[in-house]
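> structure here, sequence nowhere to be found:
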């Protein structure tokens, strides 16, 4: 049975959900799960909680913990990278600086929270370093990229190493929240999404075997106005899977945007200020000052409840936490590879012809069938050409820009990236922002890298 | 000997320079040149001037004139399309409207003058219509696209017909103005440019067999400041081949921009208003209110001198006009095809692998060797990756956008194109501009096409 290593296992809630998924996957019993983190306290906590939970539910998994990356990678069949360098700390600092220079909610894409260190530098730097270690120690391992930016990060590993790198995101599953609001039965739904991570579009939608788009159009026409006035919608900035922004993007680009797409590639005119954001997203959406504050607060609460569970050794974890599988496809993926189950999963893999007009070496998010030694891509074909021109190509080349700047250590390219931002009013403004970012004490690595 | 048909031959100065080039190409003597235009008066004038000039210089060419397109295309080996629908009239009207809506010097690319009818509609419509006639009447003819937009127009013909379509522009030759200012001998210069029409970059530059870039750097460092203070520079808005904008674009993107590149793809922050334009271009450059007014005035003067020559039958045209070949490569191209001369010309042809990372069916401007039945592309390889990301890819996808909107009759895509313009401050602003453009009486064709 395989060895599964989690790098950055101190991410408590991620590790908790992974362990729960593993305990539910009986065909993976006998596997070794190695928790690795440089934060020993967090590591101990996760290890303790996982061990207790497993014992409670009588799951047969071998758990290990280590602060030594080499040890974790040695013999690992699956390396899961969940590391977010510095947590959200750098992002918050970076955004404060950018706001001072006239960039509401910071630079990067509109979500901006997928970036840590300008243009994802700290993340890309860590991902590549880890991937090179894996390649040296264990070149046959699967490299599972979980932390953001999944699009850029997975592409980096695919291009710079020979590893089998795959990006993971549960975003596509969130379409089920839309169909639930519409009152459709989950078991009667089939759908296909395609695009890039956080930029996926509903390319097929069947309900009870028939095209579901007319149902969607009907709901929009007859029900959406009422829904957008409901308590259910109004009180939840995180209900963005179905909000006026989604409907408008569907109207503008011709396909329904799924999951975080509305956060990552909604056009600039949805996001100029809080007032405008409130028109498009409930309470301004997840990335406004309101929604994001709630998110960070929610993270703290979750951590606190984990710490309490850790300290109260008498507590039944199985009773405390949900026994349902998460919507993450990491464990199903491992299960399908190990046991050749041929599961259909939505993953981030090199395009290899799946979407027309996208080069083979660009990582796309599409449904694939996963087997023992193969990943079979669902053929997507041509995306609608207006979507291609206004969304897919710009997002693809934004990825190329970020990777180009990173690979060439190209400070000028970073500067041009800011200068080209729709909000930039002068070249000087862009220069000043970049300079202030680079002079931060916590950005000495960035300063050193970009010459 | 071939039949060469000029569609839109009433463009007097174009036809004059073509005829002069033809009289100098002795190996093409015996050819038939058919002038076609719907403006009979202009046609008569061009035909008369050309006949007189030929007689004076004893050139052996057979001239014809017709207002009937079918007759012109019948049996033609080379069809030259020089038509600009409505001349510059629509552009001027369009720009006035756009300026009223807050778009300084109009929409389209920064040059904006390459557009007639929003997003080049009237031109593309005409080009495709003509190309389809050629394909029907004479599918083996070469289709030579001369009028703008050469990039979009040639691509359209390449994709929508089976014709051998090639785009022509003398822009690359203007690099010789740069080397002349630098005091270099023209005969010792070799260079290669690559990119798209009006977006070409100096990929190789040899002087006396050695890399010429250090000479260029040296000139910039030591001589440019003085040159930009000289009368020669200051009094000529059309001396933009060497101006601060060119130097800055070289610094920003890593290669020297050649010809009209500085007009078409200079970044938005060079072009916000006349004051800013004056910093980057002499007197604000060719596309400012100053330079453009001069240009239109120059066109009028040239037409007037042609009319005077036409009316004064005693005038020696050979004495009146230069006897030197123009910098256009149309006649050398025909000469090289007909007589298998293997000339090296800079033309717009489908990429077919010449530039890495650009699809085969995208038309690029590169040096090629022209023979009887073949066009051999000079291998360009990889362009600098920063240039690729910030200039080449966006310009490529702007072309895709224009052709997509045209092909799909997609009004929403036009609207998004304006909305994404860096100057747009609200979606409403974009909508209002598009609506006002579409309601113009002279845009009924546009209104009908884009549903």
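On my side now, so go ahead. Just so we're clear, the structure is a prediction, and the values are computed from it rather than from any experiment.
> tally of neighbours for residue A:366?
25 (other C-beta atoms under 10 Å in any protein chain shown). From N, CA and C alone the C-beta is placed, and that goes for glycine too.
> quick check: it touching residue A:349?
Yes: the criterion here is C-beta atoms under 8 Å, and residue A:366 meets it with residue A:349 at 7.2 Å.
> what do the two both touch?
Common contacts of residue A:366 and residue A:349 (C-beta atoms under 8 Å, 6 or more residues apart in numbering or on different chains): residue A:377.
> how many residues are close by the spatially closest residue to residue A:23 that is not a sequence neighbour?
Ranked by C-beta to C-beta, 6 or more residues apart in numbering or on different chains and with sequence neighbours excluded, the top spatial neighbour of residue A:23 is residue A:59, at 3.8 Å. Neighbour count for residue A:59, taken as other C-beta under 10 Å: 19.
> kindly report the same for residue A:381.
Residue A:381, neighbours per other C-beta under 10 Å, totals 11.
> let me know the pLDDT of it.
With respect to pLDDT, residue A:381 scores 98.
> now the helices for the stretch 351-451 of chain A?
Ranges of helices within the stretch 351-451 of chain A are A:385-387, A:393-408, A:411-419, A:427-438, A:444-449, based on DSSP state H, counting those that start in this stretch.
> the stretch 101-250 of chain A now?
Counting by DSSP H, counting those that start in this stretch, the helices of the stretch 101-250 of chain A are A:121-137, A:150-160, A:175-181, A:213-222, A:224-227, A:231-234, A:244-253.
> wait, what's in contact with residue A:387?
A:201, A:253-255.
> that's a helix at residue A:94, yeah?
Yes: assessed with DSSP: H, G, I helix; E, B strand; the rest coil, residue A:94 lies in a helix.
> looking at it, it is touching residue A:436, isn't it?
No: counting by C-beta under 8 Å, residue A:94 stays clear of residue A:436, with 10.1 Å between them.
> bridged to residue A:64, which residues?
Following DSSP bridges, residue A:64 is listed with bridge partners residue A:34.
> that one contacts residue A:33, doesn't it?
Yes: between residue A:64 and residue A:33 a contact is recorded at 7.1 Å, counting by C-beta under 8 Å.
> tell me which of those two has more neighbours.
Between residue A:64 and residue A:33, counting by other C-beta under 10 Å, residue A:33 is the more crowded of the two (25 against 14).
> please report the distance of the more buried one from residue A:41.
Separation of residue A:33 from residue A:41 (C-beta to C-beta, to the nearest Å): 19 Å.
> would you format the contacts of residue A:387 as a markdown table with neighbour count, distance to chain B and pLDDT included?
Shown next, in a markdown table, are the contacts of residue A:387 (neighbours: other C-beta atoms under 10 Å in any protein chain shown; distance: C-beta to the nearest C-beta, whole Å; pLDDT from 0 to 100):
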| residue | neighbour count | distance to chain B | pLDDT |
| --- | --- | --- | --- |
| A:201 | 26 | 15 | 98 |
| A:253 | 25 | 8 | 98 |
| A:254 | 18 | 8 | 98 |
| A:255 | 22 | 13 | 98 |
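> farthest-separated two in those?
Distance extremes for the contacts of residue A:387: the farthest pair is A:201 and A:254 at 8.7 Å, using C-beta to C-beta.
> the nearest residue to residue A:284 once chain neighbours are set aside: which element?
Take residue A:284 and drop its neighbours on the chain: the residue closest to it by C-beta to C-beta, 6+ apart is residue A:277, 4.1 Å away. Here residue A:277, judged by DSSP states H and E, is contained in helix A:274-280.
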